[in-house]
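Novice: coordinates only, sequence not included:
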């Protein structure tokens, strides 16, 4: 919270304080008179004079928490945060439950980014004022910032029970359940929010995203289409709809959505790339190429467009053209890390391993956190049985950036296999197969590891599953044939 925001709150908080008696009624009329004078001076924005008056009152009555609170609020208006905090802490030393002092300390800790202290302050405040809507709401928000989503959810439900439903509260609950992967509860809460605010773009977008994450692209697209009806000139909404349609294999609709973005914002490269993905998903490489060539004429020789063109050529198995496109992107922008990465992958496919390694190292030179490049370089060395210590470091660094990436876990397992550490290899490869159960390479690696450990049954099942995922894997079929021969004739080599 900024000083200006604190001042606004302070003006409201002190507006009715003239009638507050001092905590201790004494015969010290001078203290009371100085206190009243301080109030009037503070409200007249004569802050230095107000400070003097409050200090004069405190000389007569140092045990009044209210005087310390007003002294602190005046220091706040003067921008003297440290002195303000000292005054509020003195008030709390006298009366640990003084509500104004507690609020100010909590707000100062929150505004200073001291979340743990702010949470403790608001929890203490909630004990003093258990039905205060502002305290409950603020504490819930702080729990969200801390990542304590369960406790935030409990408080939002408490707000609904105590103060009634609102679209915002159900929206907050839906978002939190979504963040926790609880998609059914998220959809339920967001649907309630939508019932209350049927024209809310935010709620509909959140519902669309939640349906996408739960694997229901058609329902997601329906909500995005409704947002477009509500706001037809918002390109971001067409992006959402296009993504959902593409995930649902509704290619015509996705293409139309991306074209709508380009009609609104012709230079939107994200929409250009999206349209290319639609063509690629249908193996319509010629149309994708023509589209990108047209965009190169319309938008100029942008390196991003050449990278996209290179990807199209790669998918169309036009390797030489792909290399030229990636190299052209690098010519246009020498610091384009992703272009070096794509070029490396293409060179690897052409068998130019050393050139691929050079380009991967260049990628990491330009982008030290490029996890895919770390993993790729480590995997190349693991596959070749070279530089295994460095390869392990690279793959582990990639996993630090993306611990649940099945491809990276597979690389680590394959590295252990190459190092002869079969137990570690199998543990990692089994985990990779759980994380990424659609990749035949992982099950091929797992079969190799089982076979080397002489667990022939598991090796056979892994290779058979790899063939189910990739029926054209001739090398895997040959392994299965050799295994079958070995099972029929145990003495066979």
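Specialist: Done, it's in. Everything numeric here is computed off the predicted structure, so don't read it as measured data.
Novice: contacts for the helix or strand where residue 295 lies?
Specialist: Using DSSP states H and E, residue 295 sits within helix 285-299. The set of residues that contact helix 285-299 without belonging to it, under C-beta atoms under 8 Å, 6 or more residues apart in numbering, is 266-267, 272, 275-276, 279-280, 302, 305-306, 308-309, 312-313, 315-316. Placement of C-beta: from N, CA and C, glycine included.
Novice: cool, and stretch 140-156?
Specialist: Stretch 140-156 is contacted by residues 110, 115-116, 118-119, 122, 136-137, 139, 159, 169, 172-173, 176-177, 179-180 when judged by C-beta under 8 Å, 6+ apart.
Novice: what angle do whichever helix or strand comes after the helix holding residue 295 and helix 285-299 make?
Specialist: Under the assignment DSSP H and E, the closest C-terminal helix or strand after helix 285-299 is helix 303-315. With axes from the mean of the first three to the mean of the last three C-alpha atoms, to 10 degrees as the criterion, the two stretches helix 303-315 and helix 285-299 enclose an angle of 170 degrees.
Novice: Residue 127 is in contact with residue 135, correct?
Specialist: No: applying C-beta atoms under 8 Å, one finds residue 135 not in contact with residue 127, separated by 9.8 Å.
Novice: In terms of packing, which of those two has more residues around it?
Specialist: Remark: of residue 135 and residue 127, residue 135 carries more neighbours, 24 against 11, as counted by other C-beta atoms under 10 Å.
Novice: contacting residues for the residue most central in space within the chain?
Specialist: The structure's the chain has its C-alpha centroid closest to residue 179; by C-alpha atoms, centre = their mean the separation is 9.3 Å. The neighbours of residue 179, taking C-beta under 8 Å, 6+ apart as the test, are residue 149.
Novice: Go again with 6 Å.
Specialist: With contacts defined as C-beta atoms under 6 Å, 6 or more residues apart in numbering, residue 179 is in contact with no residue.
Novice: Flag the shaky bits of this structure, pLDDT-wise.
Specialist: With pLDDT under 70 as the threshold, the chain has low-confidence stretches at 1-31, 489-493.
Novice: which residues in the stretch 151-300 of the chain form helices?
Specialist: Residue ranges of the helices in the stretch 151-300 of the chain, as given by DSSP state H, counting those that start in this stretch, are 167-179, 183-196, 201-213, 217-230, 235-247, 251-264, 269-281, 285-299.
Novice: Does anything pack onto the one helix or strand residue 57 maps to? Which helices or strands?
Specialist: Assigning secondary structure by DSSP H and E places residue 57 in helix 47-60. Counting contacts by 3 or more C-beta pairs under 6 Å, 6 or more residues apart in numbering; DSSP states H and E, the secondary-structure elements packed against helix 47-60 are helix 29-43, helix 65-77.
Novice: Any chance of CSV for the ones you listed, columns distance to residue 94 and mean neighbour count?
Specialist: Shown next, in CSV, are those (distance: least, C-beta to C-beta, whole Å; neighbours: other C-beta atoms under 10 Å):
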stretch, distance to residue 94, mean neighbour count
helix 29-43, 15, 18
helix 65-77, 5, 25
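Novice: Go through the ones you listed and name the closest to residue 208.
Specialist: Between residue 208 and the helices and strands packed on helix 47-60, the shortest separation by C-beta to C-beta is 43.4 Å, and it involves helix 65-77.
Novice: following that closest one, which helix or strand shows up next?
Specialist: Of the helices and strands lying after helix 65-77 in sequence (DSSP H and E), the nearest is helix 81-94.
Novice: How about residues contacting that next one?
Specialist: The contact list for helix 81-94 (C-beta under 6 Å, 6+ apart) reads 63, 65, 68-69, 71-72, 75-76, 98, 101, 104-105, 108.
Novice: Provide a list of residues in contact with residue 228.
Specialist: With the criterion set at C-beta under 6 Å, 6+ apart, residue 228 makes contact with residue 237.
Novice: Quick check: the gap between it and residue 377.
Specialist: Distance check for residue 228 against residue 377: by C-beta to C-beta, to the nearest Å, it reads 43 Å.
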